Every structure is written in C-alpha cells, then in structure tokens.
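Chemist: okay, structure incoming, though there's no sequence with it:
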C-alpha cells in the first residue's frame, strides 16, 4: 500500500536494532523472523518454562510476542529516529496454544500520523500445519525522536 | 459479594498450586502475593531482562502478570477441580512502567456460570508511591474438571 | 469451513425473522442485505439523524450495526431454536464515517460450542468506492432454546 | 484530580452544545443528565424500539450512549474549541439490560495530551435499584480546533 512506503530506507535495521534491545525477547527465546513494510513476524520455539498450568503456551507469552510484532510493524513506516509506544491491545485466545514452535505476526491495518492500528495473530506451527491460537488488535502511538 | 462466596474452601491452596505449575511466572520472577475471594495480586521485582527497548517494563510482561492475576481471580469462586481458560483480554497502557517493583491485580467484576469477567491493573511501586501503568479487562471461560 | 456447515437448514430465515424483531434496526433504517453461513451483512443508508456532532456517522450507530451483523453471523451455524447473546465487543474507528451508505459485516472467526468469535467491520460506500471506517471483534455466547 | 482541572471554564456548556448537535441522541431519546470535570452521565428512558430480538436494550444502543458519555467526559478537560474523536472502544455486556430507564456514564481514567482513556458503564435503573449491565473502556483522540 502506498501509505506504507517506509520513510526510513533502513527501517528493517531500525527494527532489528530495537528488537535486540528488548531483553525480554531474549529471555523468552523469541527471534525476529521477518520485517517488511507494515509487517513483522516473530518466532518462538517451544520451551517448558513458557507454559501455563495446563501445558499450553501462557496467554501472556502469546501476548508478549504478538504485541512486539505489532509494535514493530507500526515502526516500519515511520521516519528514522521515531519511536512507538503501546496504547492498548486486545487479544482473543482462539485455541489452546500447543506445538513445537509459535509464530506471532503484526500487520498495520491503518497507518496514521499520531496513532497506528495493527492486527495481531499467533499461530502454533507443527510441520506444515499452522493453527491460529490468538488473534487481535493493537493501538500504537507514534512518537518523535527523543529530545 | 454473596456470589463470590467460594464453593471450594481450599480455593487459596488451589490457586497457589496452579501458580506453581505456571513455570513462566517463575521465569519472570513473579510471585503470588495475595489470594482472596474474587481477588488475586501478583508481585514482580524489577529485572533488566524484563524491559522493552526504551527501558520500561515490556507491555507483554505487564500483560502476562495481569492476565495471570485475572485468571486466578476467576478461579477463586469455582468448585474444587474446576479450571479456567483465557477467552480474551484488553489492556490499556496508561503510563510507561518504571520502578523497582510491579504489582498486578485481578478482580472479578462479574462471576458467571460459564464465563467470568475480571478487571485487571498493574501498578509500578516505588516506596509508598503506586502509579497505575496498565488497566483493562479479561473474559475467562469456566471449565469443569478434566475427565 | 466444515465447522460452519449450518446445523439449521433454515438458518437464513431464522436470522431474517430475528432481525425483524430487532426494532432498533428499523429505527435506524438498517436492512439485512446478505446472510451466508458464518457471514452477515447489514446496510444502512445515510440519514441526518444518525450523525454525531461533526457530521460523521455516530460511532455508536456503527457499533450497533456491526454488532448486529456479528451476532447474526454467530447465529448462522447454530441448531434451530438456539440463541446468541453479546458477551463483549471491541471496535477501532479507523476513519471518520462519511458517505451516502454504510455497510456492516460480521464474519465468524472461530465457531465454538459455548462461545463464538467474530470479526466486524463497517465500510462507507460511495459509488464503487468502499472505505473501511470501523474494524473489530466480538465474543458471542451461544445459548440453547429458551425453556 | 488536579489534572482534570478544566482548561475551559465553560466546559459544561461546550458539552451541552455538542450533545445537542448529536442528532442520534435525540433519535434514541437520550438526554445529558450530568456534566462534571472528567465525568458525563447520559439517561435513556425505555422505549420498545430500542430493543433487540429478546426484549433487552440492544447492545448497540448501550454502546452508543456509553460511547457518547465517554467522548464527552474526555472533552471536559480540553481547552475551548478542542474536539474529540473516538479511536476505539471495548464493552463487556454483563447482564441483559432490562428496565424502565438506563444510565450511561463515562469517566476519565487517564487524561493525556494527545489521547484520553475513559471508563464506561451502563446501568439499568428501576426504582432505587441500579444493575450494571455494560462496562468497558474507550480511547479518545484529542484534536485541536478545526482550521
């Protein structure tokens, strides 16, 4: 979409550098797997210590990787040096999240001057099968570079 | 409220046991600090590896502890052996979450036969000051004991 | 999707009869324009008395027609006599809603035994152009026939 | 709260004038019953043509009056001439809304420079009893005066 023409030609580098600074992503074992204009994908391998009491991926972990994917998707169209801040998020948990690998995606639905709206989802991946276990939306504030 | 009269006299033990099985809470360093009928509080000490790229508590970590607090609040009024499953959650991020300690609370707003609605919040605690940095709501499905 | 195979062969009639009983839809001038398995569309012609203070369609009117479309989409896969009840709804208002005609759509994202999740949107239609002005999601409880 | 000190001494008049221009409120029969700094209340008498198919207040009507109450609550602290625009809304429907009169309230939870977050609720009023039937939150954009 024309409106998603990134103003920062190095947008993917900007996202990757910022992701490295999110130490929580490292703690969870998440890695950035795709960065495109208006779209970011994060992968998370299964780990026992990411589960809730019944053996599924904890809803909060799904929210953490989906929220990061959305925040970074919102960063891709912004000028160099601009920042994003989460305003609100909603997630539906569609199915228990179970599998060897999870994939969170954020996609810009409406880029805006001061706020951006993204669609979020999380899939459980097993072989060639991908089951969507979480789906939702997020509002992100666009901020100018820190003074 | 009469409707929050716990049907399981050992409701607090049930919550504590389930919390121990949520290994993600241990990974984050969160601990259960209060369990009352319709109310659960979780504490999280500051740690560098829980932050996002600008040095604030990652929104996903706030969502994880708030969501757990809400889920367990919803568990308190249920009969022994019953379980809860997250249906959806919404959180507003009111202020950047910064401080030596965070406190997440879940409170039952409407107990129901098949679904429970909870209010969630997260405060940043510093000395005697508590600033609310996240606020929202969650829908939880009540499930009978696993067969 | 196989799971959206309607259990009630007369599902479209059931939706149409129920819509007729929603007198608020008549008050707003809304009409049911499409009923398919897992999908319902409602049309609303422009009227001066549906606007907010700046001349756009009132967000609450957009929410009313989108919510009805979602509720009826959730009704389509249910057995004859079953009912639906709104549990919660979230809507993003993407653009000011302006135009001679509006179209709300509800689409089942996840059919379930006790709750259904739907995607909602509202477009402003002008000639061959359709601009999406609202987008969101809704959780609906499935209820057995009234005793 | 100090931050809710209205910058416009005539804030209540500004809200009342704007409410008069929301013709949809007139169509529904809603009236503004209270305007305070950070708080607005709207009353709606029962009418047959506001109901959904099972005889309860239509969720969309509840959303319309709650959303208006929240939008106007967000307007109260702003300077004269400023405007508000709905960004997103979430509502839980806690109980079927039934009664001779409904009361919607919006309350500012976090006033901000560019966005305001409000809490919303709707009560069904019958004599001295008030049952809360809807509860939620709304994000509102603050806009400078139109050029």
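Modeler: Noted; the coordinates are in hand. Just so it is clear, the model here is predicted, and its values are computed rather than measured.
Chemist: for the rest of this, base every contact and every neighbour count on C-alpha atoms.
Modeler: Noted.
Chemist: would you agree residue A:26 falls within a helix?
Modeler: Yes: using DSSP: H, G, I helix; E, B strand; the rest coil, the secondary structure at residue A:26 is a helix.
Chemist: got a list of what it touches?
Modeler: Residues near residue A:26 by C-alpha atoms under 8 Å, 6 or more residues apart in numbering or on different chains: A:20, B:49.
Chemist: and residue A:62, by the same measure?
Modeler: A:104, A:122, A:134.
Chemist: again with residue A:103
Modeler: A:41, A:42, A:43, A:44, A:122, A:123, A:124, A:125.
Chemist: for residue A:9, give me phi and psi.
Modeler: Per-residue torsions, residue A:9: phi -60, psi -20 (degrees, to the nearest 10).
Chemist: how many neighbours does it have?
Modeler: Residue A:9: 13 surrounding residues under other C-alpha atoms under 10 Å in any protein chain shown.
Chemist: what number of residues lie near residue A:33?
Modeler: 14.
Chemist: give me the angle between the helix of greatest length in chain A and helix B:59-75.
Modeler: Counting residues, the longest helix found in chain A (DSSP state H) is helix A:59-75. Per axes from the mean of the first three to the mean of the last three C-alpha atoms, to 10 degrees, the angle that helix A:59-75 makes with helix B:59-75 is 150 degrees.
Chemist: pLDDT of helix A:59-75, averaged?
Modeler: Helix A:59-75 shows a mean pLDDT of 97.
Chemist: beyond it, next helix or strand please.
Modeler: Later in the chain than helix A:59-75, the nearest helix or strand by DSSP states H and E is strand A:83-93.
Chemist: partner strands of that following strand and their direction?
Modeler: Within its sheet, strand A:83-93 is paired with strand A:129-143 (antiparallel), strand B:83-93 (antiparallel), according to DSSP bridges.
Chemist: centre of the chain versus that strand, how much separation?
Modeler: In terms of C-alpha atoms, centre = their mean, to the nearest Å, the centre of strand A:83-93 is set 10 Å apart from its chain centre.
Chemist: could you point out which element follows it?
Modeler: Next element after strand A:83-93 (DSSP H and E): strand A:101-110.
Chemist: let me know whether the helix or strand just after that next one sits next to chain B.
Modeler: Next in sequence after strand A:101-110, counting helices and strands by DSSP H and E, comes strand A:115-126. No: counting by C-alpha under 8 Å from any C-alpha of the partner chain, no contacts exist between strand A:115-126 and chain B, the nearest distance being 12.8 Å.
Chemist: tell me the angle of strand A:115-126 relative to strand D:115-126?
Modeler: Using the same axes, to 10 degrees: strand A:115-126 against strand D:115-126 is 80 degrees.
Chemist: which strands border strand A:115-126, and is each parallel or antiparallel?
Modeler: As assigned by DSSP bridges, strand A:115-126 forms pairs with strand A:101-110 (antiparallel), strand A:129-143 (antiparallel).
Chemist: make TSV out of those strands and add mean pLDDT and distance to residue D:19.
Modeler: Below are the strands paired with strand A:115-126 laid out as TSV (pLDDT from 0 to 100; distance: least, C-alpha to C-alpha, whole Å):
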stretch	mean pLDDT	distance to residue D:19
strand A:101-110	98	29
strand A:129-143	97	27
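Chemist: of those strands, which is nearest residue A:83?
Modeler: Between residue A:83 and the strands paired with strand A:115-126, the tightest spacing by C-alpha to C-alpha is seen for strand A:129-143, at 5.0 Å.
Chemist: list the buried residues in that closest one.
Modeler: A:131-143 (16 or more other C-alpha atoms under 10 Å in any protein chain shown).
Chemist: which one of the contacts of residue A:62 sits closest to chain D?
Modeler: residue A:134 (17.7 Å; C-alpha to the nearest C-alpha).
Chemist: quick check: closest non-adjacent residue to the closest one.
Modeler: residue A:93 (4.5 Å; C-alpha to C-alpha, 6 or more residues apart in numbering or on different chains).
Chemist: contact partners for the one you found?
Modeler: Residue A:93 touches A:59, A:133, A:134, A:135, B:86, B:87, B:88, counting by C-alpha under 8 Å, 6+ apart.
Chemist: cool, and residue A:49?
Modeler: By C-alpha under 8 Å, 6+ apart, the neighbours of residue A:49 are B:22, B:23, B:24, B:26, B:27.
Chemist: same list (those residues) but as TSV, adding pLDDT.
Modeler: Output for these, formatted as TSV (pLDDT from 0 to 100):
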residue	pLDDT
B:22	89
B:23	89
B:24	92
B:26	94
B:27	95
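Chemist: neighbour-wise, which one of the contacts of residue A:103 leads?
Modeler: Busiest of the contacts of residue A:103 [other C-alpha under 10 Å] is residue A:122, holding 29 neighbours.
Chemist: what bridges to it?
Modeler: Beta-bridge partners of residue A:122, as defined by DSSP bridges: residue A:104, residue A:134.
Chemist: does it touch residue A:99 like I think?
Modeler: No: in this structure residue A:122 lies outside contact range of residue A:99 using C-alpha atoms under 8 Å: 11.9 Å.
Chemist: any idea how far residue D:114 is from residue A:16?
Modeler: 28 Å (C-alpha to C-alpha, to the nearest Å).
Chemist: now swap in residue A:139 and tell me
Modeler: 13 Å.
Chemist: neighbour-wise, give me the winner out of the contacts of residue A:49.
Modeler: residue B:24 leads the contacts of residue A:49 on contacts (other C-alpha under 10 Å) with 25 neighbours.
Chemist: so that residue touches residue A:53, yeah?
Modeler: No: using C-alpha under 8 Å as the test, residue B:24 is too far from residue A:53 to be in contact (9.3 Å).
Chemist: quick one: contacts for residue A:22?
Modeler: B:49, B:50, B:51, B:52, B:53, B:58.
Chemist: closest one to chain D out of those residues, please.
Modeler: Using C-alpha to the nearest C-alpha, the contacts of residue A:22 come closest to chain D at residue B:58, 19.8 Å.
Chemist: I'd assumed residue B:46 was in contact with the closest one.
Modeler: No: at 11.2 Å, residue B:58 does not count as touching residue B:46 under the criterion of C-alpha under 8 Å.
Chemist: and these two? Which one has more around it.
Modeler: residue B:58 (26 against 19).
Chemist: now the residue most central in space within chain A: closest residue in space that isn't a chain neighbour?
Modeler: Nearest to the mean C-alpha position of chain A, by C-alpha atoms, centre = their mean, lies residue A:69 at 1.0 Å. Excluding the flanking residues, the one nearest residue A:69 by C-alpha to C-alpha, 6+ apart is residue A:106, at 4.6 Å.
Chemist: my read is that that neighbour contacts residue A:75, right?
Modeler: No: look at residue A:106 against residue A:75 with C-alpha under 8 Å: they stay out of range, at 10.8 Å.
Chemist: between these two, who's got more neighbours?
Modeler: residue A:75 (33 against 30).
Chemist: that one and residue A:114, how far apart?
Modeler: From residue A:75 to residue A:114 the distance is 12 Å (C-alpha to C-alpha).
Chemist: what sits in contact with each of these two?
Modeler: By C-alpha under 8 Å, 6+ apart, the residues touching both residue A:75 and residue A:114 are residue A:142.
Chemist: that older thread, ok, the residue nearest to the centre of chain A - contacts?
Modeler: When contacts are taken as C-alpha under 8 Å, 6+ apart, residue A:69 is in contact with A:39, A:40, A:41, A:42, A:104, A:105, A:106, A:120.
Chemist: A strand includes the third one, no?
Modeler: Yep, that's residue A:41 we're talking about. Yes: judged by three-state DSSP, residue A:41 forms part of a strand.
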